[in-house]
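A.B. asks: Sequence and computational prediction follow.
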Amino acid sequence: MTLTNSGRTWLLIQIEVANEHEEMASWLMIHKLGANGCELSSASDGRSLIQASFESNVFSENDLSAVNAVLDEYGLGESVGTLKVKTVEEEDWLAEWKRGFTPLPIGDKFLICPPWLEADLTPEQRERHVILIEPGLAFGTGFHATTQFCLQALEQLTDQKRIVDVGTGSGILAIGAAMLLPDTTITAIEIDPEACKVARENLRLNKVADRIFLIEGEPDKVREQRFEVILSNLTCEDNVALLPEYMTMLEPGGHIIMSGILEEKAPRLRAAVQQHPLSIVRDESDRGWTGLVVANTTV
């Protein structure tokens, strides 16, 4: 989310959820309802306050039926009673929004940092691979459990020469791979033109634009290529649908890192994996989300 002092107004929607549902609620606000960003803070009695920002014309303060419907569909209907909405001036919201973020260490080697905090990093923080990302971007940031799983899984892989990031979004996973594996050829694919614009800017910001081939389009644009790692931080349904195509792209012994999977839908993906010469080598769930790393057992 890039906000400037232009006299614009923003619609802020607030809900309270149980702490274990905060990631789910944030994901719904951004990916299902179109929020520009979310801010998390502590409420009371083991609950979290989610504050999501929307363009002022997305919803009416008097009609939040779409918000209610999405919360109910994904099992968060009890939060509807806590829903509040207000309109704020952009200048006031920007200052408040920025105060809510701090650099976030992920795994042993990465640090996600909002660009405005880079100058204040400590020497110890700078020893990590520092990925500069605007936390409010709707296309993917390091502040979500699904992205964190993928970055941690990347840390376990060495000597990879060809990596593809399918649905790169903000480009964060491709950027992490470029920093972690400087001799690796990295391809990033994204179907959304707006996300591609964001990714290009982030590649430039992190000084890896010359190391990553960014392609706008579907995965079939690289179907004839072979990769040792496929990064697939998508939905369960997308991962299941793409598995046959991934098998044509994956080198024997290669790995697919899959995330973005709601925990209750993970059994469907595990069953789909079993239909291919793949072995699950890592299977973790965190805050309602599941990530898998699978290896190609084809000789």
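C.D. replies: Looks like it arrived, so ask away.
A.B. asks: Can you report how many residues neighbour Thr185?
C.D. replies: 17 (other Cβ atoms under 10 Å). Where C-beta positions appear, they are placed from N, C-alpha and C, glycine not excepted.
A.B. asks: The one 10 residues further on now?
C.D. replies: The local packing count at Ala195 equals 20, with neighbours defined by other Cβ under 10 Å.
A.B. asks: Which strands or helices does whichever strand or helix holds it pack on?
C.D. replies: Ala195 is part of helix 193-205, with elements assigned from DSSP states H and E. Of the remaining helices and strands, those touching helix 193-205 by 3 or more Cβ pairs under 8 Å, 6 or more residues apart in numbering; DSSP states H and E are helix 172-180, strand 185-190, strand 212-216.
A.B. asks: Domain ranges for the chain, per the record?
C.D. replies: Domain assignment for the chain by automatic domain parsing gives 9-98, 141-296.
A.B. asks: Relative to the whole chain's centre, how far out is the first one?
C.D. replies: Relative to its chain's centre, domain 9-98 lies at 18 Å (Cα atoms, centre = their mean, to the nearest Å).
A.B. asks: Check which element follows the helix or strand where Ala272 lies along the chain.
C.D. replies: Following DSSP H and E, the helix or strand that holds Ala272 is helix 266-273. Next along the chain after helix 266-273, taking DSSP H and E as the criterion, comes strand 278-286.
A.B. asks: re the thing from before, which parts of the helix holding Ala272 are buried?
C.D. replies: Under the neighbour-count criterion of 16 or more other Cβ atoms under 10 Å, helix 266-273 has Ala266, Leu269, Ala272, Val273 buried.
A.B. asks: Go ahead and confirm the first one touches Asp286.
C.D. replies: No. Here Ala266 lies out of contact with Asp286, judged by Cβ atoms under 8 Å, at a distance of 11.8 Å.
A.B. asks: For the helix or strand hosting Leu12, enumerate the helices and strands it packs against.
C.D. replies: Following DSSP H and E, one finds Leu12 within strand 9-18. Contact analysis of strand 9-18 by 3+ Cβ pairs under 8 Å, 6+ apart lists helix 22-27, strand 47-55, strand 84-89, helix 90-98 as its packing neighbours.
A.B. asks: now, of the ones you listed, which is deepest in the fold?
C.D. replies: For the helices and strands packed on strand 9-18, average neighbour numbers computed from mean count of other Cβ atoms under 10 Å are highest in helix 22-27, which has a mean of 23.
A.B. asks: Quick one: list the elements packing against the helix or strand following that helix.
C.D. replies: Per DSSP H and E, the first helix or strand lying C-terminal to helix 22-27 is strand 37-42. Contact analysis of strand 37-42 by 3+ Cβ pairs under 8 Å, 6+ apart lists helix 22-27, strand 47-55 as its packing neighbours.
A.B. asks: Can you lay out the ones you listed as TSV showing distance to Leu117 and mean pLDDT?
C.D. replies: Formatted as TSV, the helices and strands packed on strand 37-42 follow (distance: least, Cβ to Cβ, whole Å; pLDDT from 0 to 100):
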stretch	distance to Leu117	mean pLDDT
helix 22-27	20	81
strand 47-55	19	84
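A.B. asks: can you put the ones you listed in a markdown table and add distance to Asn68?
C.D. replies: Formatted as a markdown table, those follow (distance: least, Cβ to Cβ, whole Å):
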| stretch | distance to Asn68 |
| --- | --- |
| helix 22-27 | 13 |
| strand 47-55 | 14 |
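A.B. asks: Looking at these, spot the one closest to Arg223.
C.D. replies: When those are compared by Cβ to Cβ, helix 22-27 sits nearest Arg223, at 29.2 Å.
A.B. asks: quick revisit: could you dump the helices and strands packed on helix 193-205 to TSV with distance to Glu55 and mean pLDDT?
C.D. replies: Output for these, formatted as TSV (distance: least, Cβ to Cβ, whole Å; pLDDT from 0 to 100):
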stretch	distance to Glu55	mean pLDDT
helix 172-180	23	95
strand 185-190	22	95
strand 212-216	24	96
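A.B. asks: Go through the ones you listed and pick out the most buried.
C.D. replies: For those, where neighbours mean mean count of other Cβ under 10 Å, the stretch averaging the most is helix 172-180, with a mean of 26.
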